[in-house]
Structure formats: structure tokens, C-alpha cells
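Undergrad: Provided below for reference: sequence and predicted model.
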Amino acid sequence: MALLFYNNTPFNSGTALDALDFGTGDGSTTTFPVINKTGTRVGSTVEFGSTEFFRNTGGVVISGNNVILNSPPINGSQGVIPGVQALVLSAFDNDSVPIVPTINSPAPRQSAQKFFIINMDDIAIKQHNAAPSSNGINVFFADNISNVGPNLSWVQLACADPVTGAMMTPLATGVTLKLPPISAFSPLASSISAGQPLIYVVAASGFTPGAYCLLNPGQVNQEEVHVTAVNTSTNILTIDSNLNFAHTTSENIYHNGWAAWALMTVPVNATNNTAQNYYNLGLERQCITIQRP
């Protein structure tokens, strides 16, 4: 599925989050295949249970699409093989830390990170509908190593404000975020010059503020836009910045994703005031992807 997570714009291979790979220790196996990405995208650390294996000290060697550890993980231990690009949340385990809070550090024990769920590959022929038995596209954290490090009570998800992109009120800890389907599209109703913030479409009714949309995918004037207002009476989409290219009525615009936020709150003294890296929590999504009619 081409619906991927990104941690920044522009949406390309440099900002796409690498998928996690997994394994289970049996007390003797040291080689684990990488299935969800290539070996070149394996990160610097592999975690099995409470044991971390580091590439820079020889604990991890990459051979093709296999991860080779310098010792076998213990029997039954759950393993996570992260990638190079990840959603990183960094915070302290104490409130009395002399730092200046910022948008990405609301308080010493908190860390917030904006992310995007986007299809940049085949949105012209695919659409993403609600997950089975759900009223939306499910976005959630999974705890991939039980009883080690942070758990789902540490993390929350939130929608992004449709206009400003700022974090809205977070859901309760561990609760799944349900995003609307990613399916709207329309031909352009008139040609548009570069430098304009308005897009005239044949039918605006399927679009909503906050949608990220791709204009004329796969062509030299392809560009990503963020819709901040929709007028269904005049069929005009307002975007948050001026267009970079001119566009004509032979082109289509496709809704291809959403922005959202992750928030982590570290319990007091969770790491006994020592630096720790954890890899067990992973961002996941569920939806039904179909061919466009």
C-alpha cells in the first residue's frame, strides 16, 4: 500500500518513515530477515526484549536484506528492527528541568511531533476508505515489545488544525485516531496561473479543509497543496500558499492525505534520570484501499 507516514514536507523518500520489521528470539537464531524495507534502510539499533544491539559496536551487521546479531536474543523475546527515518519523541522524566518549552516540547516530560499520512505514489488510481468495522482510517501506536520501555499509556494522538496545522486536543492515551477517507478528486474547472492561492474545480463537495492534495500527479507540474477552505457553492479550494506552477483544465486534483500529531508524556522518574532510547512503540495505520471507480 502506498499510504505512508512522513515526518515533514516535502513528501519524498527523505521524509518517509521507514517501516518496522520484527522477529522473535529462540535462544539460538542470530539472523533475521528484513521484509518491510531493504537492508540499506535498517537503523543504527535493533532491540530484542530489553537488549539493544548496536551497529557501531558490531552488535548488528547487515548482509543484503538480513540483520545478523552478534549473539542470539533470548528465547521468546520480541524484537523490533527500526529504520533510518523514524518518528522521534524526546523528553525528560522530571519536571524540574531548566528548558524553554517550545511547540515540540510543551513541558519537560512531554514531546509532540507532527506527522503526515500521505499517498504520493498511486493516488490517481487508488483511494483509501475506512478500516473494517471503523468509521475512519485508523491511526494508532502499537506496543511491539511487551513490558519493556514505554507503553501505550505514554502516548496520545491528535488531529491537526485544518487551517494552521497546530495540534488540536489530544485523544486519551492509547486511543486510535480515526481520520476521514482519502478519496476525493476533481478535474480542474478552469486554468490557473502560477502564484495563485485558489483552485477552481468541477466539484468541491468531496474536499474538506485540512486535506493535503496532489495536483496533476506524475507530471512536470505536479505539486502538493494544503487546502484550508472549501466553497461548495463556487467550487473553489483555497490553499495555504500560492501555486508554484500553472495548471489547465486537462488536469485533476486528488486528496492524498492528512496531517496529525503524536504526543508523548513521560512518567516521573520513568528512566531514573538517565538517558534511554526505546524502539518498541510503532505508528501503524489500517484502512481499505481500492481501485478508483
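TA: Received the coordinates, thanks.

Undergrad: mind checking how far Asp18 is from Phe11?
TA: As for Asp18, its distance to Phe11 is 14 Å (criterion: CB to CB, to the nearest Å). Quick note: C-beta positions are derived from backbone N, CA and C, even for glycine.

Undergrad: ok, now Leu281?
TA: Using CB to CB, Leu281 is found at 23 Å from Phe11.

Undergrad: Comparing these two, which residue is more hemmed in?
TA: Shown here are Leu281 and Phe11; by other CB atoms under 10 Å, Leu281 has more neighbours (22 against 19).

Undergrad: partners of that one in the sheet?
TA: Judged by DSSP bridges, the bridge partners of Leu281 are Asp143.

Undergrad: Give me the pLDDT for it.
TA: We have a pLDDT of 97 for Leu281.

Undergrad: Ok, the one 5 residues further on next?
TA: According to the predicted model, the pLDDT of Gln286 comes to 97.

Undergrad: Could you do Ile74 as well?
TA: 97.

Undergrad: Excluding chain neighbours, what is closest to it?
TA: Leaving aside its chain neighbours, Ile74 sits nearest to Gly25 (5.4 Å; criterion: CB to CB, 6 or more residues apart in numbering).

Undergrad: Can you give the domain ranges for the chain?
TA: The chain breaks down by automatic domain parsing into domains covering 18-81, 86-293.

Undergrad: Nearest to Asn7, out of those?
TA: Minimum separation from Asn7 across the domains of the chain (CB to CB) falls at domain 86-293, 5.5 Å.

Undergrad: ends of the closest one, how far apart?
TA: Domain 86-293 has an end-to-end distance of 34 Å (criterion: CA to CA, to the nearest Å).

Undergrad: how many other residues sit next to Ala130?
TA: Here the number of neighbours of Ala130 (other CB under 10 Å) works out to 17.

Undergrad: follow-up on the earlier one: Gly49 is in contact with the residue nearest to Ile74, correct?
TA: Yes. Contact criterion CB atoms under 8 Å: Gly25 and Gly49 qualify, at 7.1 Å.

Undergrad: quick one: which of those two has more around it?
TA: Higher neighbour count among Gly25 and Gly49: Gly25, with 20 against 17, using other CB under 10 Å.

Undergrad: Please list all residues in contact with the more buried one.
TA: By CB atoms under 8 Å, 6 or more residues apart in numbering, the contact list for Gly25 reads Phe48, Gly49, Pro72, Pro73, Ile74, Asn75, Gly76, Ser77, Gln78, Gly79.

Undergrad: What of Asn135?
TA: Lys178.

Undergrad: That one: helix or strand, and which one exactly?
TA: Using DSSP states H and E, Asn135 maps to neither a helix nor a strand.

Undergrad: What distance do you get for it to Leu177?
TA: 12 Å.

Undergrad: do Val60 as well
TA: With CB to CB as the criterion, Val60 and Leu177 are 32 Å apart.

Undergrad: any idea which residue sits dead centre in the protein?
TA: Nearest to the geometric centre of the chain sits Phe5, at 2.8 Å (CA atoms, centre = their mean).

Undergrad: how far away is the residue nearest to that one when sequence neighbours are not counted from Val84?
TA: Closest residue to Phe5 apart from its sequence neighbours, by CB to CB, 6+ apart: Leu17 at 4.2 Å. Distance check for Leu17 against Val84: by CB to CB, it reads 10 Å.

Undergrad: ditto for Val60
TA: Using CB to CB, we find Val60 at a distance of 13 Å from Val84.
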